[in-house]
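A.B. asks: 3D, please:
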Amino acid sequence: MRQRNRGRVALAAVAAMCAAAALPGQAYAAGEPAAYTFDPEAKKVDGAEASTDASALTPGSVYRSSIKPGQKLYYRLNLDAKTTGYVSAVAVPRGPGQVAYGDGITVSIRDSTDLQCGSQDARFESAEFPRPIAAYAYRTVAKDSSTCQEAGTYNVLIERESKETSAPDEWDLELRYESEPQLKSAGSMPTDAPENWPSASPVPPTTAPQKRSGGTSYYDATGLETGEWKEEGGIRPGQTLFYRVPVDWGQQIFATATLSNNNASDKYIGSALALSLDNPAHGHVDSASPLSYSGKPTSVSLDPLPPVKYENRYDSTSSVSAMRFAGWYYLSVTLSPQVAKSYGKKGIPLTLRVKVEGTAGKSPYAGDAGVFSVTQDDKDMAEKGLSGPQAVKSGRMKMIGAAGIGAGSVLVLGLGVWTLLARRRAATAPAAPSGGSRPYGGPPQAW
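C.D. replies: You can find the predicted model right below:
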């Protein structure tokens, strides 16, 4: 029985090792940028062209779908009368196909009469090169509103617009549905958007740049905190890198991306680098003006954004409204594939300067706020530069270590007990009779 238990412990440790080794990786084709890494927990769902055929989405879930040029797809939500819900869509163009100015998606939530509750679009503008783009829509509950407040069935509508000159390929969609936690005291929350906030760019970090490798998607985005971070290996033409920064209540985020020089050419490229920021619900916050490049060091920064506050949602400016909850804020950086024609396919050195300012305030939510919060574990992951999967793997390796120690302890204890029992048996065994005969008849006699 003891051996069987030791075997179970050892098998558990091996299983944990296998589970850690089986974490989803990033697929790289030789000489090509990494593909977008979809959340492995995403469930396959098909959008419906008729609202009555729409599949239901459930809170806290991730889905994969796809959309063709000009297509309008429906998904269904079942909402109560007290919960604010957010549905985001990340559109991922397949391959290096052409996109044009104005191509993009619109996400909206609508009630049973097709009245629009909320919407946002994500479009390719002057940076006309394929990359993941995100938008979200929400149904908010407000006591002074008379629209979209009732419990019932709501529709999520995702519409894709593409120019005739654009590639006709389907775009993949990664959908998320999150419910906002209930407030501790709804009646005491401000309902007026802030009018002023610190807008001067802070003094940049003075520490030497540290190396970090960006992820390929929101799922495996690399954690960052205040500091200057150098992308290990640089950013390659056509590549999109993802990072995430924990921003708590009352805090502001500032970010600057800098491309180093490249002496291969001095060719001017008008929209070479795109820098974007998205919030914890994967709703778009803001984008910096696309950075031009001519082989010399150059940088671009996000405009100053307000501190994270619940009441930001009442502002009519989308970039202010999107700074409505604490959590992981996502930075994405894309280098135009056109850069390869003049500067080669190798990575160009990239640094990110990130500054989070302000003292963290208290959450307005009751209980666990889930993705709309910043925990000590989040801060630790940002400090160590861990992505979500890396943090999971680290936790599993700790479990493996604990299992190994436990298995070793069981083995040592088992050997000790076995030795003790053996000694007791020896001490209580009858003495051998005289004449050299052995107990129990001794060895078999020869015939």
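
A.B. asks: which residues in the stretch 101-250 of the chain form strands?
C.D. replies: 104-110, 116-123, 133-139, 152-161, 171-179, 210-212, 222-223, 227-231, 240-247 (DSSP state E, counting those that start in this stretch).

A.B. asks: what's the answer for the stretch 251-400 of the chain, then?
C.D. replies: 252-259, 269-278, 284-287, 291-293, 298-301, 327-335, 350-357.

A.B. asks: which of those strands is buried the deepest?
C.D. replies: strand 327-335 (a mean of 25; mean count of other Cβ atoms under 10 Å). Backbone N, C-alpha and C define where each C-beta goes, glycine included.

A.B. asks: Flag every buried residue along stretch 179-191.
C.D. replies: 179-181, 183 (16 or more other Cβ atoms under 10 Å).

A.B. asks: Stretch 258-269: which residues count as buried?
C.D. replies: Going by neighbour count (16+ other Cβ under 10 Å), the buried part of stretch 258-269 is 258-259, 262, 269.

A.B. asks: Kindly report the same for stretch 45-61.
C.D. replies: Neighbour-count burial for stretch 45-61 [16+ other Cβ under 10 Å]: 45, 47-48, 51, 54, 57, 59.

A.B. asks: Narrow those residues to those in strands?
C.D. replies: Among the buried residues of stretch 45-61, no residue falls in strands (DSSP state E).

A.B. asks: Check these against residue 208 and report the nearest one.
C.D. replies: residue 59 (43.4 Å; Cβ to Cβ).

A.B. asks: quick one: pLDDT of that closest one?
C.D. replies: We have a pLDDT of 95 for residue 59.

A.B. asks: any idea how far residue 235 is from the closest residue to it other than its chain neighbours?
C.D. replies: Once flanking residues are discounted, residue 59 sits nearest to residue 179: 4.2 Å by Cβ to Cβ, 6 or more residues apart in numbering. As for residue 179, its distance to residue 235 is 35 Å (criterion: Cβ to Cβ, to the nearest Å).

A.B. asks: Residue 340 too?
C.D. replies: Distance from residue 340 to residue 235, by Cβ to Cβ: 12 Å.

A.B. asks: Give me the average confidence score over stretch 364-371.
C.D. replies: 94.

A.B. asks: picking that back up, could you dump the strands of the stretch 101-250 of the chain into CSV and include distance to residue 315 and mean pLDDT?
C.D. replies: Below are the strands of the stretch 101-250 of the chain laid out as CSV (distance: least, Cβ to Cβ, whole Å; pLDDT from 0 to 100):
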stretch, distance to residue 315, mean pLDDT
strand 104-110, 19, 98
strand 116-123, 14, 96
strand 133-139, 14, 97
strand 152-161, 24, 98
strand 171-179, 21, 97
strand 210-212, 32, 95
strand 222-223, 28, 98
strand 227-231, 29, 96
strand 240-247, 17, 98
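
A.B. asks: What's the per-residue pLDDT of the residue nearest to residue 313 when sequence neighbours are not counted here?
C.D. replies: Excluding the flanking residues, the one nearest residue 313 by Cβ to Cβ, 6+ apart is residue 324, at 4.3 Å. For residue 324, the pLDDT comes out at 97.

A.B. asks: mind starting the numbering at 44 from now?
C.D. replies: In the new numbering, first residue 44, that becomes residue 367.
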